[in-house]
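Student: Sequence and predicted structure are below.
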Amino acid sequence: MTYLYVATRIFTYFGTELRVFWEQLALRFFKIPQEDTRTFKSSEMCGHIEHELTNSLSSSFMVCFLPFFMNFVLGCCLLLTGSFRVFYIGDISLVSLLFLWVGVSLLANCSPSFEDALSFKDYLYRKETNIFLKIILTPHFAVSYACAFLERYSVTFVLAIVFAWVFPTLMSFTFPIINQLLN
């Protein structure tokens, strides 16, 4: 299973590299020591940075949230062009396929590592954590944990492809509704 995981990380090269960049940015901001910063390793940490355990709820949240949010937003922006042109219009050009591939690559690499998700869980559900923070951050924890679990089996790659296929149809319904609400 590790070979399939590493192969999908190599195929989604741009998303893997960008995800590692965002994770390294969060780790450096919180001054968390990094052990292995190589992007591609032949282990379950391929596409993630090996680092010391986070030291607070805010640091564990940002190590999970920043790469997820940035890759998801950038991936959706690229899919607005690539996926829309390929699946909705039927334009199979090199540019539209490139946008589609990079968008899927970014979406397939949103998940935190499983260890980071567990660290986030440990800090979130401590007795000392404010109940308001628990309520607000639990949905993000659930998504992070589920994505981290699915990423171990390369299911996030398949989900990114399905999302890219459904995304233009979703947006074709959403944009008219937003337009009506604004007018």
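Tutor: Yep, it's here.

Student: and the residue nearest the centre of the chain, helix, strand or coil?
Tutor: Most central in the chain under C-alpha atoms, centre = their mean is residue 110, positioned 0.9 Å from the mean C-alpha point. With DSSP: H, G, I helix; E, B strand; the rest coil as the basis, the three-state label of residue 110 is coil.

Student: Would you agree residue 169 is in contact with residue 88?
Tutor: Yes - contact between residue 169 and residue 88 holds when scored by C-beta atoms under 8 Å: they sit 7.2 Å apart. C-beta: built from backbone N, CA, C; applies to glycine.

Student: For the helix or strand hosting residue 60, the averaged confidence score.
Tutor: Here residue 60 is covered by helix 57-83, with elements defined by DSSP states H and E. Confidence over helix 57-83, taken as the mean pLDDT, stands at 93.

Student: tell me what that helix is packed against?
Tutor: Counting contacts by 3 or more C-beta pairs under 8 Å, 6 or more residues apart in numbering; DSSP states H and E, helix 57-83 is packed against helix 13-29, helix 94-108, helix 114-124, helix 131-151, helix 155-182.

Student: and those helices, which one is worst for confidence?
Tutor: Set side by side, the helices and strands packed on helix 57-83 differ in mean pLDDT, and helix 155-182 is lowest with a mean of 84.

Student: Phi first, then psi, for the closest residue to residue 58 other than its chain neighbours.
Tutor: Leaving aside its sequence neighbours, residue 58 sits nearest to residue 30 (C-beta to C-beta, 6 or more residues apart in numbering; 7.6 Å). With angles defined as degrees, to the nearest 10, residue 30 sits at phi -90, psi 10.
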